[in-house]
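Undergrad: sequence first, then the predicted structure, then my questions.
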Amino acid sequence: MVTRRRPLDDMFVGGLSLHKWVKVHFHGRVEKVVDPALVTASRDQSQEVRKMWEVAISELIELGLLCTQESPSTRPTMLDAADDLDRLKRYLNGDTAGTFASSLGISSSTIGGDC
């Protein structure tokens, strides 16, 4: 949803998939994979809002990568994913002390091996 690309986009040929494309290009830099319209819209916000936006988009990308791993046994459960989304929602509503803590231990380094 945040890339504005479809899984069956014409660019995904020869074994390349949306999952692999995001994984190769993301590396914690949202502007590499996020729809440019979303990036542009965030630029008009305060520094605090931009930081929260970047955290939220990064977490959504990383959660998406976790949930679309090839092996179902390595994917989080729906309850874990829903819990993480709830934590993110609370973070965005200001219900936390300014930081976001993923229940899944999400970070770019935890998302499965090479493409």
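TA: Sure, I can see it.
Undergrad: how close does the closest residue to Asp9 other than its chain neighbours sit to Met78?
TA: Counting by Cβ to Cβ, 6 or more residues apart in numbering, the nearest residue to Asp9 once its immediate chain neighbours are dropped is Leu18, at 7.1 Å. C-beta: built from backbone N, CA, C; applies to glycine. For Leu18, the distance to Met78 equals 20 Å [Cβ to Cβ, to the nearest Å].
Undergrad: neighbour-wise, which of the two wins?
TA: Leu18 (18 against 9; other Cβ atoms under 10 Å).
Undergrad: need the contact list for that one.
TA: Leu18 makes contact with Thr3, Arg5, Arg6, Pro7, Asp9, Phe12, Thr68, according to Cβ atoms under 8 Å, 6 or more residues apart in numbering.
Undergrad: what pLDDT does the closest residue to the fourth one other than its chain neighbours get?
TA: Put plainly, it is Pro7. Using Cβ to Cβ, 6+ apart and skipping the chain neighbours, the partner closest in space to Pro7 is Leu18 (4.7 Å). The model reports Leu18 with a pLDDT of 91.
Undergrad: widest-spaced pair of the contacts of Leu18?
TA: Greatest spatial distance among these (Cβ to Cβ): Asp9 and Thr68, at 14.7 Å.
Undergrad: most neighbours of all the contacts of Leu18, which one?
TA: Neighbour-wise, the contacts of Leu18 (other Cβ under 10 Å) top out at Thr3, 18 neighbours.
Undergrad: and Thr3, how far from Leu79?
TA: Thr3 is 25 Å from Leu79, by Cβ to Cβ.
Undergrad: quick check on Arg43: phi, psi?
TA: phi -70, psi -20 (degrees, to the nearest 10).
Undergrad: so what's it up against?
TA: Arg43 sits next to Arg50 when contact means Cβ under 8 Å, 6+ apart.
Undergrad: only C-alpha atoms, please: export the helix or strand bottoming out on mean pLDDT in the chain in PDB.
TA: Here the helix or strand of the chain ranked lowest by mean pLDDT, DSSP states H and E is helix 36-42, holding a mean of 85. Extracted as PDB, the C-alpha positions of helix 36-42 are listed here (Å, rounded to 0.1, in the frame of the first residue of the first chain):
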ATOM      1  CA  PRO A  36       6.600   9.800  -3.900                       C
ATOM      2  CA  ALA A  37       3.200  11.500  -3.200                       C
ATOM      3  CA  LEU A  38       3.400  10.300   0.400                       C
ATOM      4  CA  VAL A  39       7.000  11.600   0.800                       C
ATOM      5  CA  THR A  40       6.100  14.900  -0.700                       C
ATOM      6  CA  ALA A  41       3.000  15.300   1.600                       C
ATOM      7  CA  SER A  42       5.200  14.700   4.700                       C
END
